[in-house]
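*Asks:* Kindly return the folded structure for what I paste below:
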Amino acid sequence: PKGASQYASADFWVSSDYYAFMQVDGRDKKGAPLKRVEVTSLQEVDGVWVLKEMLTTTFRPGTKLAQSRTWLYLNEAKKGASGL
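*Replies:* Purely as a prediction, here's the structure:
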């Protein structure tokens with residue numbers, strides 16, 4: 001990224017079935033993981049695949065140990081309600 005950022009690089013895993021990212025790992029200049037975003041579940045709403053569950057993990061600096069984990073659950077999605 002241009003300007004100040006804690007991330008030097010990111011690895012993306014993209015689903016060829018859903019044309020969406022399923023995991024992103026943000027890394028520091030030494031290649032150590034800083035944050036991971038994982039899509040753990042999708043749901044179909046009127047023919048469009050949207051997020052159902054996602055996990056975000058922040059790592060302890062310089063390690064592969066989790067510092068915090070946050071789950072996001074979308075119980076219900078409706079066409080038009082979330083920008084679909």
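*Asks:* Strands of this protein, start to end?
*Replies:* Counting by DSSP state E, the segments of the chain that form strands are 9-15, 20-27, 33-45, 48-59, 66-73.
*Asks:* Of all residues in the protein, which one is nearest the centre?
*Replies:* Val37 (2.8 Å; C-alpha atoms, centre = their mean).
*Asks:* Spit out the contact partners of that residue.
*Replies:* Phe21, Gln23, Val24, Met54, Leu55, Thr56 (C-beta atoms under 8 Å, 6 or more residues apart in numbering). No exception for glycine: its C-beta is placed from N, CA and C like everyone else's.
*Asks:* now the strands of the chain in JSON lines, with distance to Gly3?
*Replies:* Converted to JSON lines, the strands of the chain look like this (distance: least, C-beta to C-beta, whole Å):
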{"stretch": "strand 9-15", "distance to Gly3": "15"}
{"stretch": "strand 20-27", "distance to Gly3": "15"}
{"stretch": "strand 33-45", "distance to Gly3": "17"}
{"stretch": "strand 48-59", "distance to Gly3": "21"}
{"stretch": "strand 66-73", "distance to Gly3": "24"}
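*Asks:* can you list these in CSV and add mean pLDDT and distance to Lys79?
*Replies:* Shown next, in CSV, are these (pLDDT from 0 to 100; distance: least, C-beta to C-beta, whole Å):
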stretch, mean pLDDT, distance to Lys79
strand 9-15, 92, 21
strand 20-27, 91, 17
strand 33-45, 92, 6
strand 48-59, 92, 8
strand 66-73, 95, 19
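*Asks:* Can you tell me which of the ones you listed is nearest to Gly80?
*Replies:* With C-beta to C-beta as the criterion, Gly80 lies closest to strand 33-45 of the strands of the chain, at 9.9 Å.
*Asks:* Which strands border the closest one, and is each parallel or antiparallel?
*Replies:* strand 20-27 (antiparallel), strand 48-59 (antiparallel) (DSSP bridges).
*Asks:* can I get these in JSON lines with distance to Asn75 and mean neighbour count?
*Replies:* Shown next, in JSON lines, are the strands paired with strand 33-45 (distance: least, C-beta to C-beta, whole Å; neighbours: other C-beta atoms under 10 Å):
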{"stretch": "strand 20-27", "distance to Asn75": "20", "mean neighbour count": "16"}
{"stretch": "strand 48-59", "distance to Asn75": "9", "mean neighbour count": "16"}
